[in-house]
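Engineer: Below is the sequence, then the predicted model.
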Amino acid sequence: MKKTLLLIGVLFVFFSQLVKLEESIQLYFFGVILLLTGVPHGSLDYFVEAETSKKSLQKISLPSFLFKYLLNMAIYAIVWIFFPILALILFIIFTAFHFGEIDWPIRKNTKFDSLLYTFYGLQIILFIITSHIKEAAPILQLATNNLVKNDTWILWGASGFYYSSIGLACSMALLTVFKKQVGWDFPTVFQFISQTIILTAVINFLPLYLSFGFYFGIWHSLLSFNLIRKQMNLSQDFSGWTELIKKAIPFTLLAWTGLSAMILLSITTHTQLFVITNLFIGISVLTLPHLQVFTKISLQ
């Protein structure tokens, strides 16, 4: 599956170079991908939680799950309102952990392994932001309630791009040297390095919204969908995927409703940039409880 998704990413790059898409078209693409895959892959969290609880001989109820889930979202939303810089830092840390655990080929339940793939995920999320810092800076300024200005983000982004690139290169070098300690063989290391090189190339050459849309909406979300399918013991054929989609529909509609209400409320009184910023904040608010559920899933 990863090879197919990487090929799609490469084709996206060629298409974007041949056809220069206006920003509005890029935003439509990002929005569609977010609605079709980004949000739905988190809409299966209740079923993932139920499955993991079953394996540990525990039971959960839908009301208690939703209460805890929504409470975590509400607390994090409050952090965004009163402490936006702290909220952004937490989002980057959460995202680093979550992206890393999905991209990591062999995950072990050890603190050392968690540290390794969190560091890798951190370099990926920083690379996505800093490789498009001129486009991302206005969003980051608004997200931090103008506490950190556009020029400062651009200045930091230049350094961040350098350090994230070096960090990824060092990660690949260390994995090659210490592959036995990590429990990988040479083919696994080679495939992971190749995957990282192609991913970062796709991220770098695509515009910001297409880049994030591909990585989050296609790469990350579809890999997550596949892991959820395995966790729920659904077949890999059409019927298995259909069953997965059916289970995702109710919670997806609920999430769509919430995001749509937030966007419509923003559109009536604010600019497009403000709407986009709120959309990213909305995604981050969904990330915290999603991560708490997803980290329990078996990734093997």
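Structural biologist: Yep, it's here.
Engineer: residue contacts, the closest residue in space to Leu62 that isn't next to it in sequence?
Structural biologist: Closest residue in space to Leu62, ignoring its immediate chain neighbours: Tyr46 at 6.5 Å, by C-beta to C-beta, 6 or more residues apart in numbering. For every residue, glycine as well, the C-beta is placed using N, CA and C. Residues in contact with Tyr46 (C-beta atoms under 8 Å, 6 or more residues apart in numbering) are Leu62, Phe65, Leu66, Phe251.
Engineer: pLDDT wise, what is the second one at?
Structural biologist: It refers to Phe65. pLDDT, Phe65: 82.
Engineer: In which helix or strand does it reside?
Structural biologist: Element membership for Phe65 (DSSP states H and E) is helix 62-82.
Engineer: give me the number of residues near Gly9?
Structural biologist: Neighbour count for Gly9, taken as other C-beta atoms under 10 Å: 22.
Engineer: from now on call the first residue 32
Structural biologist: Sure, I'll start counting at 32 from here, so that last one is Gly40.
Engineer: any idea how far Gln57 lies from Val63?
Structural biologist: 11 Å (C-beta to C-beta, to the nearest Å).
Engineer: If you could redo that for Ile234, that was the one I meant.
Structural biologist: According to C-beta to C-beta, Ile234 and Val63 sit 19 Å apart.
Engineer: So which of the two has more stuff around it?
Structural biologist: Shown here are Ile234 and Val63; by other C-beta under 10 Å, Ile234 has more neighbours (22 against 13).
Engineer: and the nearest residue to the more buried one once chain neighbours are set aside, helix, strand or coil?
Structural biologist: In space, and not counting its chain neighbours, Ile234 is closest to Ser242: 4.9 Å by C-beta to C-beta, 6+ apart. Three-state call for Ser242 (DSSP: H, G, I helix; E, B strand; the rest coil): helix.
Engineer: how many other residues sit next to Ser242?
Structural biologist: By other C-beta under 10 Å, 26 other residues sit near Ser242.
Engineer: Show me what whatever helix or strand Thr149 lives in is in contact with.
Structural biologist: If you go by DSSP H and E, Thr149 is part of helix 142-161. Contacting residues not belonging to helix 142-161 are listed as 123-124, 126-132, 134-135, 138, 167, 171, 188-189, 191-192, 194-196, 198-199, 202, 213, 230-231, 234-235, 242-243, 246 [C-beta under 8 Å, 6+ apart].
Engineer: Show me which of those residues are buried.
Structural biologist: Burial by neighbour count, judged by 16 or more other C-beta atoms under 10 Å, picks out 123, 126-132, 134-135, 138, 167, 171, 188, 191-192, 195-196, 198-199, 202, 213, 230-231, 234, 242-243, 246 from the contacts of helix 142-161.
Engineer: Just the residues you listed: which are in helices?
Structural biologist: 123, 126-132, 134, 167, 171, 188, 191-192, 195-196, 198-199, 202, 213, 230-231, 234, 242-243 (DSSP state H).
Engineer: So for Ile39, what's the pLDDT?
Structural biologist: Reported pLDDT at Ile39 in the predicted model: 92.
Engineer: Go ahead and list the helix or strand containing it.
Structural biologist: helix 33-49.
Engineer: Could you find the residue nearest the spatial middle of this structure?
Structural biologist: Closest residue to the average C-alpha location of the chain: Phe247 at 4.5 Å, with C-alpha atoms, centre = their mean.
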